[in-house]
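Enquirer: I'll drop the sequence and a predicted model, then ask my questions.
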Amino acid sequence: MEVNTTMYKIGIVGCGVIGSFISKKVVDGTIKNAKIIAVYDRNLEKSKKLSELTGAKICNSIDELVKENLDLVVECASVKAVEEVATKSLINNKDVLIMSVGALVDKDLFLKLKKLAKKVSRKIYIPSGAIGGLDAIKALRLGEIYKVVLKTVKPIKALEDSLKNLGYDISSIKNPIVVFEGDVFEAIKKFPMNINVSVTLSIVSEYPAKVIIVADPNAKLNRHEILVESSIGKLKVCVENVPFEENPKTSALAAYSAVRLIRDLSESVKIGT
Ligand SMILES: NC(=O)C1=CN([C@@H]2O[C@H](COP(=O)(O)OP(=O)(O)OC[C@H]3O[C@@H](n4cnc5c(N)ncnc54)[C@H](OP(=O)(O)O)[C@@H]3O)[C@@H](O)[C@H]2O)C=CC1
Ligand SMILES: O=C([O-])CC(=O)C(=O)O
């Protein structure tokens, strides 16, 4: 089914669990005809580790990485990194895949990047990440959408950093509690490492999601329950994701979805919406 047999040159910004997972899948051939050419992380040790695995050049800045001969830059660093990574990638004539989708809750930034991508004829890829059902929501969007709700239930350790920042006493949480209920704008501000999916959902539905976050001391999985109501029909999707051991904030599905997206770039058959 492959049509493009030229080598796809990839740069990675953020050498944490997602960056490492994508790199492993390039090295083991799951993503075919691709090579990791350059890596950058603010933590040099993590860059070195990925460089050892892939043979990629270690870059010392985003500026250095985007000057390399690349087809695609994969941002898997942080919400704060997105504007710089995406802007510089596009200006330097590279496609960009954004994992820290939360940054795009800023509509001005989203529209600015979209306009820039069009101007330079490059693409911005936003994977489904840790959720499912985006294919159906894209179609529902052609009707009228009037409700979008995301209820996320995560183990305490997945939410720990954000909860501490918000002043929660983690040790006192003995039963599942709602730690957030509000709109997508507030959700990503308070939980920037945990709820990127709410922004993906809002972008695809073009409707600001209502978000509920539950911290569950008994949970082992990251659960995302999605409800979309529209004039075309109702969609309910629930995913129960295995978290990464090395970073329990992140579901394995998020990394797999990026791997699948990159792999499918060279497929001639496209399935879903
Ligand atoms: N779209 C989705 O569905 C999902 C998105 N995500 C998001 O994807 C991103 C990557 O996730 P994950 O791999 O689990 O995260 P990790 O924390 O495992 O890795 C991120 C790496 O990027 C580094 N980093 C952060 N900011 C910068 C920067 N400005 N410049 C260079 N390096 C930087 C971090 O360094 P340091 O350790 O110093 O912070 C860390 O080494 C996160 O933003 C996460 O929230 C995660 C899950 C699902
Ligand atoms: O991996 C997940 O379950 C979701 C996540 O962290 C995010 O959306 O930021």
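Expert: The structure has been received and is ready for your questions. Every value quoted in this text rests on a predicted model; they were computed, and no experiment measured them. Ligands and ions are numbered 1, 2, ... in the order given.
Enquirer: Setting aside sequence neighbours, what's the nearest residue to the residue most central in space within the chain?
Expert: Taking C-alpha atoms, centre = their mean, the centroid of the chain lies closest to Met99, which sits 2.6 Å from it. Beyond its immediate neighbours in the sequence, the residue positioned closest to Met99 (C-beta to C-beta, 6 or more residues apart in numbering) is Cys76, lying 4.3 Å away. C-beta here means a position set from N, CA and C on the backbone, and glycine is covered the same way.
Enquirer: The one you found touches Ser20, doesn't it?
Expert: No. Checked against C-beta atoms under 8 Å, the pair Cys76 and Ser20 is beyond contact range at 9.1 Å.
Enquirer: Looking at those two, which one has more neighbours?
Expert: A direct count of neighbours by other C-beta atoms under 10 Å for Cys76 and Ser20 places Cys76 higher, at 26 against 23.
Enquirer: phi, psi of that one?
Expert: Dihedral angles of Cys76 (phi, psi; degrees, to the nearest 10) stand at phi -140, psi 60.
Enquirer: confidence score at it?
Expert: We have a pLDDT of 98 for Cys76.
Enquirer: Please report the distance of the nearest residue to Lys114 once chain neighbours are set aside from Leu201.
Expert: Spatial nearest neighbour of Lys114, chain neighbours left out: Ile124 (6.9 Å); criterion: C-beta to C-beta, 6+ apart. As judged by C-beta to C-beta, to the nearest Å, Ile124 and Leu201 stand 17 Å apart.
Enquirer: same question, Ser89
Expert: From Ser89 across to Leu201, the span is 24 Å (C-beta to C-beta).
Enquirer: before we move on, what about Pro176?
Expert: Look at Pro176 and Leu201: by C-beta to C-beta, they are 22 Å apart.
Enquirer: So for those two, which sits in the more crowded spot?
Expert: Leu201 (29 against 14).
Enquirer: Then the more buried one would be within a helix, right?
Expert: Yes. Counting by DSSP: H, G, I helix; E, B strand; the rest coil, Leu201 falls inside a helix.
Enquirer: My guess is it contacts Val148. True?
Expert: Yes. Under the criterion of C-beta under 8 Å, Leu201 makes contact with Val148 at 6.2 Å.
Enquirer: Look up the residues that both of these two are in contact with.
Expert: Common contacts of Leu201 and Val148, defined by C-beta atoms under 8 Å, 6 or more residues apart in numbering, comprise 209, 226.
Enquirer: The residue nearest to Val178 when sequence neighbours are not counted in helix, strand or coil?
Expert: With C-beta to C-beta, 6+ apart as the criterion, Val178 has its nearest non-adjacent residue at 5.6 Å, and that residue is Val214. Judged by three-state DSSP, the three-state class of Val214 is strand.
Enquirer: count of neighbours near Ile62?
Expert: Here the number of neighbours of Ile62 (other C-beta under 10 Å) works out to 21.
Enquirer: And Leu53, by the same measure?
Expert: Leu53: 16 neighbours (other C-beta under 10 Å).
Enquirer: can the one helix or strand it maps to be found next to ligand 1?
Expert: Using DSSP states H and E, Leu53 maps to helix 44-54. Yes. Legend: contact between helix 44-54 and ligand 1 by C-beta under 6 Å from any ligand atom is shown at Lys46.
Enquirer: elements contacting the helix or strand just after that helix?
Expert: Of the helices and strands lying after helix 44-54 in sequence (DSSP H and E), the nearest is strand 57-58. Counting contacts by 3 or more C-beta pairs under 8 Å, 6 or more residues apart in numbering; DSSP states H and E, strand 57-58 packs against strand 34-40, helix 44-54.
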